[in-house]
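In: need a structure here:
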Amino acid sequence: MLYCCIYASHQPISFLGHGIPAVFYIGFGVFFLLLTLKRCRHVEAMANKNHHQMPYSDVYPKEDPLVLRRAGYVILICSFFGLIVEATGGMRGTQHGILHQLAHESMYISYLFVGAIFILEQRLYPYAHRYALSFTFLLCYCMWREHALMKEDMSDRRIHMLQAEVNFALFISWAYSSFNTKSLFSYAVSLGLIILNGCWLMTAGLAGSYCNVTMHMVAPLFVLEALFIASGIVLCTVYFVSSTLHDIKSEASGSKYSTLPISGSEGCELQEYSTVDDEEHGLSIEVLQ
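Out: Residues are numbered from 1 along each chain as shown. Below you'll find the predicted structure:
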């Protein structure tokens, strides 16, 4: 009944059109953030057990193919579902028919590509899914920017323009995460931005269907949502990971590695690594000698 009521109206913005992908974004970001925090705890436990200092970069040396395949299938199913909702919604009482929400449909089609890369990564190359996410968020930036420029209401236009800017930030963060796969910070920021993208998309749906958001409220709402998400990530990190993360600089290579020091350990220079395989969690961990 709610579905019919929302799509029967000729409002330029529908809550379902924003709410459904928002839930997908938030679910994706939260899942991989919690998975990363869990692996942090495991790496920290191994560091304390072996009395060695261990680089955090080994938490994600290469993503587990099983996790990627399952995530890829979920992305495909969710994208198909969203695409069907948008297409059938456009066919109900709109003059443009199936193309009524072409911008939203284009977004779902781009994530079909991402889901396929997640599934096929084992046959491609490591971290291919990060490159696919970076490319897709660039496409989404172009789509959301043009979608924002067509809006007549100023607050609605500004909300969608901020949506486009979040997608551009995601393009940059995932591109850097693909380039520097050892960076904990860039990976966590990328996932946090995905959650922000979902929350702001939900805000856009509520503003267009139920709430009256004026121009002077747009930026404060965006800032508050970003601060709320950042605070949540920090609190979860403090709860799940007890050791302090810091960087050690290798004099030989000049590169930086995020590390998990053992409890009560003193700072030490980066010397040499040996590899320890953890078959249970699918990790190959380098141990500092």
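
In: would you map the helices across the stretch 1-150 of the chain?
Out: Secondary structure of the stretch 1-150 of the chain (DSSP state H, counting those that start in this stretch): helices at 2-8, 15-50, 65-90, 102-120, 128-149.

In: make a markdown table out of those helices and add distance to S186 and mean neighbour count.
Out: The C-beta positions use only the backbone N, C-alpha and C, and glycine is treated the same way. Output for the helices of the stretch 1-150 of the chain, formatted as a markdown table (distance: least, C-beta to C-beta, whole Å; neighbours: other C-beta atoms under 10 Å):
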| stretch | distance to S186 | mean neighbour count |
| --- | --- | --- |
| helix 2-8 | 38 | 13 |
| helix 15-50 | 12 | 19 |
| helix 65-90 | 19 | 17 |
| helix 102-120 | 18 | 19 |
| helix 128-149 | 10 | 20 |
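
In: closest one to V234 among these?
Out: Closest of these to V234 is helix 15-50, at 11.5 Å (criterion: C-beta to C-beta).

In: contacting residues around stretch 141-153?
Out: Contacts to stretch 141-153, defined as C-beta atoms under 8 Å, 6 or more residues apart in numbering, come from residues 12, 103, 106-107, 157-161, 163-165, 167-168, 171.

In: which of those residues are buried, as a PyMOL select command?
Out: To isolate the buried members of those in PyMOL, using 16 or more other C-beta atoms under 10 Å:
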select buried, resi 103+106+107+157+158+159+160+161+163+164+165+167+168+171
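
In: out of the contacts of stretch 141-153, who's nearest R39?
Out: Nearest member of the contacts of stretch 141-153 to R39, counting by C-beta to C-beta, is F171, at 25.3 Å.

In: what average pLDDT does the helix or strand hosting the closest one get?
Out: F171 is located in helix 154-179, with elements delineated by DSSP states H and E. Averaging pLDDT along helix 154-179 gives 91.

In: one more: stretch 70-84?
Out: Averaging pLDDT along stretch 70-84 gives 89.

In: quick one, what contacts L206?
Out: F15.

In: how close does it get to P65?
Out: Taking C-beta to C-beta, to the nearest Å as the criterion, L206 is separated from P65 by 38 Å.

In: what of A164?
Out: Separation of A164 from P65 (C-beta to C-beta) stands at 33 Å.

In: quick one on the thing from earlier: between the helix holding F171 and helix 102-120, how big is the angle?
Out: Here the directions of helix 154-179 and helix 102-120 differ by 20 degrees (axes from the mean of the first three to the mean of the last three C-alpha atoms, to 10 degrees).

In: quick check: angle from helix 154-179 to helix 128-149?
Out: Using the same axes, to 10 degrees: helix 154-179 against helix 128-149 is 160 degrees.

In: packing partners for helix 154-179?
Out: Judged by 3 or more C-beta pairs under 8 Å, 6 or more residues apart in numbering; DSSP states H and E, helix 154-179 is in contact with helix 128-149, helix 184-209, helix 215-240.

In: alpha carbons only: can I get the shortest one in CSV?
Out: Listed in CSV are the C-alpha atoms of helix 128-149, where the atom choice follows Å, rounded to 0.1, in the frame of the first residue of the first chain:
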residue,chain,number,x,y,z
ALA,A,128,40.1,-5.5,-8.5
HIS,A,129,36.9,-4.8,-6.5
ARG,A,130,38.4,-1.6,-5.1
TYR,A,131,39.2,-0.4,-8.6
ALA,A,132,35.7,-1.2,-9.7
LEU,A,133,34.2,0.7,-6.7
SER,A,134,36.4,3.7,-7.5
PHE,A,135,35.3,3.7,-11.1
THR,A,136,31.6,3.3,-10.2
PHE,A,137,31.7,6.1,-7.7
LEU,A,138,33.1,8.4,-10.4
LEU,A,139,30.2,7.4,-12.7
CYS,A,140,27.8,8.0,-9.8
TYR,A,141,29.3,11.4,-9.2
CYS,A,142,28.6,12.4,-12.8
MET,A,143,25.1,11.1,-12.6
TRP,A,144,24.2,12.7,-9.2
ARG,A,145,25.7,16.0,-10.3
GLU,A,146,23.6,16.2,-13.4
HIS,A,147,20.6,15.0,-11.4
ALA,A,148,21.2,17.8,-9.0
LEU,A,149,21.5,20.5,-11.7
